[in-house]
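Peer 1: need coordinates for the below:
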Amino acid sequence: MLRLVMKFGGTSVANLDRIRNAAERVRLEVAKGYDVIVIVSAMSGKTNEMVGWVNETAQMYDAREYDAVVSSGENVTAGLMALTLQEMNIPARSWQGWQVPVKTTNAHANARIEEIPSANLDAKFSAGMRVAVVAGFQGISEEGRITTLGRGGSDTTAVAFAAAFEAERCDIYTDVDGVYTTDPRISDKARKLEKIAFEEMLELASLGAKVLQTRSVELAMRFNVRLRVLSSFEEPSDTAGTLVCAEEEIMESNVVAGVAYSRDEAKMTLISVADRPGIAAAIFGPLSEAGVNVDMIVQNISEDGRTDMTFSCPTDQVLRAEKAMQTAKDAGHVNYHDLVADEAVAKVSVVGIGMRSHAGVAAQMFQALHAEGINIKVITTSEIKISVLIERKYMELAVQTLHDAFELEKAA
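Peer 2: Residues are numbered from 1 along each chain as shown. Below you'll find the model as predicted:
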């Protein structure tokens, strides 16, 4: 029997009417002959509400009890979805993570899936079950405690089930109708993509596009799970949404697939650092230990044995970074004159697998920004990505400019 995984996000199951709408989409797939595994998130806003309850109850909370609380929202949705499907005369039942079981690491609040044995669900499918409704975002540790996978973890749950059960496809239902060349709220020329390669989607997700969780795309690429991103609020169609797939499935594509941005970036510069072997490790080791997510790194040319080291990180991690550097300086591990933080910057990136075989993309990008008087503070590149830090006030202009420069409104 063919298997299909369907994942419904919080906005898609926000109330009983939306759960009925999602269940109708499941019914259509069952009618096509699929055995369906449905992964559900908590109703929109419920997880935030429960996180608030935990923080109000105990600021220094036990992470195991945190997981026990915040995972409960998905259990409610799974039960309601199963009941709704049963009312449609579809053999369905709900499954919590521990019942499957979804085996994870012991890292509470940020666990990783290690294994999903198929025996339990396979037995029920063989006995006549047509839909397994699984609570997303959760699993069980070796110690037998409930774990959660981090925010957005239901996407990862869905991809992991698609891989474990060799599903034909994993459909991710959300409040957007696919993956766009850029944010439609910034550029009215943004175009919905029919297909996008795993690598492109991974870069866009990591650079700020919030359509899919980064870990879910990594997992899909690793196990070659075809993902389809589509809206719960559009008419059902076999051609709806955007297919995230292997590069080989895409016949023709633009050199640049999309423009991504991240508004909440900070540029931090250590001034007059000793230029010696091991200095980078002495700087970025403490930052890593402090949980600072460093992205772009630039080192100036050394003069008289001293240099400046610049890196970017999220704005909400600036204080953490400053404390880590001060601690390293006080301990004598790093010596620098000053640490300057600029929190008024944004990161804008162009992404595309076509950049591997086309020269001149960087020149075209920089020329387009120059024509609009936008100064570039930091540049980093990879095989399929070019990112720049610019003043935040120019972010939307930069996105629009680059979208126009690469004519992304036009299909290949």
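
Peer 1: below-threshold pLDDT in this protein: ranges please.
Peer 2: 208-209 (pLDDT under 70).

Peer 1: show me where the stretch 201-350 of the chain has helices.
Peer 2: Using DSSP state H, counting those that start in this stretch, the helices of the stretch 201-350 of the chain run over 214-223, 279-289, 318-330.

Peer 1: so which of those helices comes closest to residue 386?
Peer 2: helix 214-223 (18.9 Å; Cβ to Cβ). (C-beta placed from N, C-alpha, C; glycine too.)

Peer 1: any chance you could list what contacts that closest one?
Peer 2: Outside helix 214-223, the residues within contact range by Cβ atoms under 8 Å, 6 or more residues apart in numbering are 149-150, 152-153, 155-156, 158-160, 162-163, 170, 172, 198-199, 201-202, 205-206, 225-227, 244.

Peer 1: quick one: buried ones out of these?
Peer 2: 149, 152-153, 155-156, 158-160, 162-163, 170, 172, 198-199, 201-202, 205-206, 225-227, 244 (16 or more other Cβ atoms under 10 Å).

Peer 1: separation between residue 196 and residue 358?
Peer 2: 17 Å (Cβ to Cβ, to the nearest Å).

Peer 1: neighbour-wise, which of those two wins?
Peer 2: residue 196 (29 against 12; other Cβ atoms under 10 Å).

Peer 1: which secondary structure elements does the helix or strand hosting the more buried one sit against?
Peer 2: Under the criterion of DSSP states H and E, residue 196 resides in strand 195-197. Strand 195-197 sits against strand 242-245, with contacts defined as 3 or more Cβ pairs under 8 Å, 6 or more residues apart in numbering; DSSP states H and E.

Peer 1: any idea how far the strand it packs on is from the chain center?
Peer 2: 15 Å (Cα atoms, centre = their mean, to the nearest Å).

Peer 1: residues of the strand ranked longest in the chain that come out buried?
Peer 2: Counting residues, the longest strand found in the chain (DSSP state E) is strand 258-274. Buried residues in strand 258-274, defined by neighbour count with 16+ other Cβ under 10 Å: 258-262, 265-270, 272-273.

Peer 1: now the angle from it to helix 318-330?
Peer 2: 20 degrees (axes from the mean of the first three to the mean of the last three Cα atoms, to 10 degrees).

Peer 1: who does strand 258-274 pair up with?
Peer 2: Strand pairing for strand 258-274, using DSSP bridges, gives strand 306-314 (antiparallel), strand 338-351 (antiparallel).

Peer 1: convert the C-alpha atoms of it to PDB, please.
Peer 2: Extracted C-alpha coordinates of strand 258-274, given in PDB (Å, rounded to 0.1, in the frame of the first residue of the first chain):
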ATOM      1  CA  GLY A 258      15.600  33.400  -4.300                       C
ATOM      2  CA  VAL A 259      16.500  36.300  -2.100                       C
ATOM      3  CA  ALA A 260      16.400  35.800   1.700                       C
ATOM      4  CA  TYR A 261      16.800  38.200   4.500                       C
ATOM      5  CA  SER A 262      17.300  38.300   8.300                       C
ATOM      6  CA  ARG A 263      16.400  41.500  10.000                       C
ATOM      7  CA  ASP A 264      17.600  40.800  13.500                       C
ATOM      8  CA  GLU A 265      21.400  40.600  12.900                       C
ATOM      9  CA  ALA A 266      24.300  42.300  14.800                       C
ATOM     10  CA  LYS A 267      27.800  43.000  13.600                       C
ATOM     11  CA  MET A 268      30.500  42.600  16.300                       C
ATOM     12  CA  THR A 269      34.100  43.700  15.900                       C
ATOM     13  CA  LEU A 270      37.000  42.800  18.200                       C
ATOM     14  CA  ILE A 271      39.500  45.700  17.700                       C
ATOM     15  CA  SER A 272      43.200  45.100  17.800                       C
ATOM     16  CA  VAL A 273      43.400  41.400  18.500                       C
ATOM     17  CA  ALA A 274      46.800  39.700  18.500                       C
END
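
Peer 1: what distance do you get for the residue in the chain sticking out farthest from the centre to residue 272?
Peer 2: Farthest-out residue of the chain from its mean C-alpha position, per Cα atoms, centre = their mean: residue 304, at 43.2 Å. Distance of residue 304 to residue 272, given as Cβ to Cβ: 10 Å.

Peer 1: got the phi and psi for residue 96?
Peer 2: phi -90, psi 160 (degrees, to the nearest 10).

Peer 1: equivalent analysis for the one 10 residues further on, please.
Peer 2: Per-residue torsions, residue 106: phi -90, psi 10 (degrees, to the nearest 10).

Peer 1: residue numbering should commence at 265 henceforth.
Peer 2: Sounds good: first residue 265 from here, last item residue 370.

Peer 1: give me every residue that touches it.
Peer 2: By Cβ under 8 Å, 6+ apart, the contact list for residue 370 reads 405, 406, 407, 409, 411.

Peer 1: go again with 10 Å.
Peer 2: 327, 328, 376, 405, 406, 407, 409, 411 (Cβ atoms under 10 Å, 6 or more residues apart in numbering).

Peer 1: just the CA coordinates of stretch 355-374, formatted as PDB?
Peer 2: Below are the C-alpha coordinates for stretch 355-374, written out as PDB (Å, rounded to 0.1, in the frame of the first residue of the first chain):
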ATOM      1  CA  PRO A 355     -10.500   4.100  10.400                       C
ATOM      2  CA  ALA A 356      -8.200   6.400  12.300                       C
ATOM      3  CA  ARG A 357      -6.600   6.600  15.700                       C
ATOM      4  CA  SER A 358      -4.200   9.000  17.500                       C
ATOM      5  CA  TRP A 359      -0.700   8.200  18.500                       C
ATOM      6  CA  GLN A 360       1.500  10.000  21.000                       C
ATOM      7  CA  GLY A 361       5.200  10.000  20.500                       C
ATOM      8  CA  TRP A 362       5.900   7.400  23.200                       C
ATOM      9  CA  GLN A 363       3.300   5.000  21.700                       C
ATOM     10  CA  VAL A 364       4.900   4.800  18.200                       C
ATOM     11  CA  PRO A 365       7.600   5.100  19.700                       C
ATOM     12  CA  VAL A 366       9.600   8.100  18.400                       C
ATOM     13  CA  LYS A 367      13.000   7.400  20.000                       C
ATOM     14  CA  THR A 368      15.100  10.500  20.700                       C
ATOM     15  CA  THR A 369      18.200  11.700  22.500                       C
ATOM     16  CA  ASN A 370      18.000  12.900  26.100                       C
ATOM     17  CA  ALA A 371      18.400  16.600  25.200                       C
ATOM     18  CA  HIS A 372      15.100  17.900  26.600                       C
ATOM     19  CA  ALA A 373      13.600  20.800  24.800                       C
ATOM     20  CA  ASN A 374      15.900  20.200  21.800                       C
END
